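Colleague: Please work out how this folds:
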Amino acid sequence: MKRTLLFGFFISLINFTQAQDLDAYKLSGGLMVNDKKYVTYDKLPFFKESFLKGKIVTDKGKVISPVNLRFDMYANELQFIKDKRIYLVSEPVNEFVLYQESDSLNSTFIFRRYKLDVGGKEVPAFCEVLYDGETKLLKYVKRSETEKVNMTSATTVKTFIDYEVAYLQKGKDGKPIKLDKNGKNLLPLLSDKAQQVNEYVKTNRIKLNNEEQLVSLLKYYDSL
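Modeller: From the prediction side, this is the model:
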């Protein structure tokens, strides 16, 4: 079903009184997200459509929790909601965590800011941390806007498409290394324990382009 998204945000300065559990003005710098116009989309730009409970860790190490968050993957911006108003988080964020609760499963999503090599330039971006051991598996998703052409309708429908890239980080301060889509350059990065890793891959029939199986492999690698 097509959904109508209140999109094309513009930012305005507002006055906001300090809250006991969350100082929205300090966190947002007074930047509030307002709706400008209606555009028809069949996919939304957010990691999850609804706001989720979460926490923020700023560049200075300050932890802000609890806070209701939503991640705009198209704009690479973090939003929070307070008193039914949506704000942009303007304070520099190093990491944020989202908690999704359901009757059958509780999920935790960790996003951390990295400098990624994109076209020979270092670009700051949030990556989802799929595995957070000594060796880390990261996923960067670039969400881009595009139009759908419908010759039978006068309505222009827009959507978002995702470009996903996996990265490997060795050690806390290691530089994220882009992995091939088929994962072929992964094993050379784990060559210091090549024999054990190769045996594990063969025995467990690990597919190097499968996220869950990659996590399993890296857990084993870190345990050696």
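
Colleague: ok, which stretches of this structure are strands?
Modeller: Using DSSP state E, the strands of the chain run over residues 3-7, 10-13, 31-34, 37-41, 52-58, 63-72, 77-82, 85-88, 93-101, 106-118, 121-132, 135-148, 157-170, 177-178.

Colleague: mean pLDDT lowest for which of the ones you listed?
Modeller: Looking at the strands of the chain, the lowest mean pLDDT belongs to strand 10-13 (a mean of 33).

Colleague: Touching the helix ranked longest in the chain from outside, list them.
Modeller: Secondary structure of the chain per DSSP state H: the longest helix is helix 211-223. The contact list for helix 211-223 (Cβ atoms under 8 Å, 6 or more residues apart in numbering) reads 130-131, 133-135, 137, 139, 166, 183, 186, 190, 193, 196-197, 200-201, 204, 206-208. All C-beta atoms are positioned from the backbone trio N, CA, C, and that covers glycine.

Colleague: Any buried residues in it, and which?
Modeller: Neighbour counts over helix 211-223 (16 or more other Cβ atoms under 10 Å) mark Q213, L214, L217, L218, Y220, Y221 as buried.

Colleague: And stretch 111-123, by the same measure?
Modeller: F111, R112, R113, Y114, L116.

Colleague: Which of the residues you listed sits closest to I177?
Modeller: L116 (10.3 Å; Cβ to Cβ).

Colleague: quick one: contacts for that closest one?
Modeller: E122, V123, P124, A125, C127, Y140, Y167, P176, K178.

Colleague: Skipping its backbone neighbours, what lies nearest the fourth one in space?
Modeller: In space, not counting the residues next to it along the chain, A125 is nearest to L116; the distance is 5.4 Å by Cβ to Cβ, 6 or more residues apart in numbering.

Colleague: Make sure N209 is actually in contact with K184.
Modeller: No - taking contacts as Cβ atoms under 8 Å, N209 lies outside contact range of K184: 9.3 Å.

Colleague: In terms of neighbours, single out the busier of these two.
Modeller: For N209 versus K184, neighbours defined as other Cβ atoms under 10 Å are more numerous around N209 (14 against 11).

Colleague: quick one: contacts for the more buried one?
Modeller: For N209, the contact set (Cβ under 8 Å, 6+ apart) comprises K181, N182, G183.

Colleague: do you know how far the first one is from E164?
Modeller: When Cβ to Cβ, to the nearest Å is the yardstick, K181 and E164 sit 9 Å from each other.

Colleague: cool, and D180?
Modeller: From D180 across to E164, the span is 13 Å (Cβ to Cβ).

Colleague: still on that earlier bit, would JSON lines of the buried residues of helix 211-223 with distance to G61 and pLDDT be doable?
Modeller: Below are the buried residues of helix 211-223 laid out as JSON lines (distance: Cβ to Cβ, whole Å; pLDDT from 0 to 100):
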{"residue": "Q213", "distance to G61": "34", "pLDDT": "98"}
{"residue": "L214", "distance to G61": "30", "pLDDT": "97"}
{"residue": "L217", "distance to G61": "32", "pLDDT": "98"}
{"residue": "L218", "distance to G61": "27", "pLDDT": "98"}
{"residue": "Y220", "distance to G61": "32", "pLDDT": "98"}
{"residue": "Y221", "distance to G61": "29", "pLDDT": "98"}
